[in-house]
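>>> Generate a structure from the sequence data that follows.
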Amino acid sequence: MNFEKPSLIISNHVSVLDTPLILSLTSKLVIITNDWIIRSKFTWLLGKYSNFCMIDENIDDSMDFLKKKIGEGYSVLIFPEGISSPNRIKRFHKGAFLMAEQLNLDILPLLIVGKGQFLEKNSFFKYPGKISITILPRITPENIDFGNNFNERTKRICQYYRYEYDKNVLKDV
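Prediction:
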């Protein structure tokens, strides 16, 4: 997959390993987060060597920084579920899709499957297992298959993720 064209990369969020896994695909990322990063030693260390952008309720405060990084060829990574959910796809929050609309970026969906079976929240590896990252097709701003605005896209892309997740989980059984 070509990561040269900046995009808004979205991914389901299953554990603390998601960000390093995605960074193994491309290092030109700005990772959107909230203030949890300063509470975790692992993510604080990761953040020290990566481009994290903390966003609170007001996304406008960060837009200039994001536009600058996108102009330098960086993509933006966000986990639209907001919190990790190792064995299912939770409801997506609208912020990622509003951001894609405001920045006029393609959405590049990544689907992570597998580690929820052996890596639980607040723990490290317990059982051997496989992890797969599926890069789903880009969704351009002009593509109306997923809706005409960020509200519609939030719901339809979440449904798409649930379908793809179920399909990939069944493939591994």
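>>> When you work out contacts or count neighbours from here on, use the C-alpha atoms and nothing else.
Noted.
>>> If we go by neighbour counts, what in stretch 61-72 is buried?
Applying a neighbour-count criterion of 16 or more other CA atoms under 10 Å, one finds 66, 69, 70 buried in stretch 61-72.
>>> Show me the shaky parts of this structure.
Within the chain, the ranges that satisfy pLDDT under 70 run 1, 35-50, 54, 56-59, 115-129, 170-173.
>>> In it, which strand is the longest?
Ranked by residue count and defined by DSSP state E, the top strand of the chain is strand 106-113.
>>> quick revisit: right, and out of the buried residues of stretch 61-72, which lies closest to residue 16?
residue 66 (23.3 Å; CA to CA).
>>> For the closest one, what are phi and psi?
phi -60, psi -40 (degrees, to the nearest 10).
>>> Give the other helices and strands that the longest strand of the chain contacts.
strand 7-11, strand 132-135, helix 150-172 (3 or more CA pairs under 8 Å, 6 or more residues apart in numbering; DSSP states H and E).
>>> Could you check the angle it makes with helix 150-172?
Calculated by axes from the mean of the first three to the mean of the last three CA atoms, to 10 degrees, strand 106-113 forms an angle of 30 degrees with helix 150-172.
>>> Name the surrounding residues that touch strand 106-113.
6-14, 18, 100, 131-141, 161, 164-165, 168-169 (CA atoms under 8 Å, 6 or more residues apart in numbering).
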